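Chemist: here is my input; please provide its structure:
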Amino acid sequence: MHEDLGNYRKVYDKEQLLESNVPENPLELFRKWFYEIEHSGSTDEPNAMTVATKGLDGFPKSRVVLLKRFTAEGFVFYTNYESEKGKAIAADPRLCLSFFWPHMERQIIIKGIAEKLAENLSDGYFESRPEGSKLGAIVSPQSEVISSRETLEEELRSLEEKYHGREIPRPPYWGGFLVRPQSMEFWQGRPNRLHDRIRYELKEDYNWKRERLAP
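Modeler: Numbering: from 1, shown residues only. Have a look, this model is predicted:
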């Protein structure tokens, strides 16, 4: 099978990204872009992001997860700590987050260091989840080989009976990661492939250095 995609073309001409209109702190620019995407109504899940890690087998691996909070400290998502992703982060906490919002012709690439979220914060978020999501987190041995889907569904039914009318506790192997950014690159599509790329890098004094990159 051979499919030539060389004729796929798109003109990028919606916005521009200039040094004169960006803040000194990249988290402020992230907040601005995120809410512009959210308010545009153009994306079903504007908080969907790709998380790339270095696996225990030495290969990089990317997957899409949902950003659940962002603050002045960084970006928070939740997962099973014993999953392939969780084990990879435990072994090497350096990772990359990326957002792609095609409607606004924008991309953000974030390099950062992940750390486990405080347990009380993971507890608080877990309590806010729907009952089905709580039970799903308990029943799934994420990334492990299983015999069949039916096995999962049977175990879920057992847990539904066990916790009927009772509080569902957060399992100790499930919780959040906070990613503290070290570098944030903002990409805005422009005509003739002369895209705007502005990169922020965190310096030793915790101020941000801002640079323009060639497209």
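
Chemist: and the helices in the protein, which stretches?
Modeler: 26-40, 84-91, 119-128, 131-139, 149-162 (DSSP state H).

Chemist: dump those helices into TSV; add mean pLDDT, distance to residue 55 and mean neighbour count as well.
Modeler: Where you see a C-beta, it was placed from the backbone N, CA and C, and this is true even at glycine. Output for the helices of the chain, formatted as TSV (pLDDT from 0 to 100; distance: least, CB to CB, whole Å; neighbours: other CB atoms under 10 Å):
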stretch	mean pLDDT	distance to residue 55	mean neighbour count
helix 26-40	97	27	16
helix 84-91	98	5	18
helix 119-128	97	24	14
helix 131-139	95	22	16
helix 149-162	94	24	12
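
Chemist: tell me how many other residues crowd the closest residue in space to residue 14 that isn't next to it in sequence.
Modeler: Take residue 14 and drop its neighbours on the chain: the residue closest to it by CB to CB, 6 or more residues apart in numbering is residue 105, 5.1 Å away. If you count neighbours by other CB atoms under 10 Å, residue 105 ends up with 18.

Chemist: kindly report the same for residue 68.
Modeler: 14.

Chemist: per-residue confidence at the nearest residue to it once chain neighbours are set aside, what does it come out as?
Modeler: Take residue 68 and drop its neighbours on the chain: the residue closest to it by CB to CB, 6+ apart is residue 76, 5.3 Å away. If you check residue 76, the pLDDT there is 98.

Chemist: tell me the contacts of residue 76?
Modeler: Residue 76 is in contact with 67, 68, 69, 70, 117, 176, 177, 178, 179, counting by CB atoms under 8 Å, 6 or more residues apart in numbering.

Chemist: filter those down to the buried ones, PyMOL style.
Modeler: To isolate the buried members of these in PyMOL, using 16 or more other CB atoms under 10 Å:
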select buried, resi 67+69+70+117+176+177+178+179
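
Chemist: show me the contacts of residue 76 that map onto strands.
Modeler: 69, 70, 176, 177, 178, 179 (DSSP state E).

Chemist: look up how far residue 190 lies from the nearest residue to the first one once chain neighbours are set aside.
Modeler: It stands for residue 69. Nearest residue to residue 69, sequence neighbours excluded (CB to CB, 6+ apart): residue 76, at 4.1 Å. According to CB to CB, to the nearest Å, residue 76 stands 32 Å off from residue 190.

Chemist: how much space between residue 195 and residue 31?
Modeler: As judged by CB to CB, residue 195 and residue 31 stand 22 Å apart.

Chemist: follow-up on the earlier one: OK, contacts around the residue nearest to residue 14?
Modeler: Here residue 105 is in contact with 12, 14, 15, 188, 189 (criterion: CB under 8 Å, 6+ apart).

Chemist: can you check residue 114 too?
Modeler: When the contact criterion is CB under 8 Å, 6+ apart, the partners of residue 114 are 89, 93, 94, 95, 177, 178, 179, 180.
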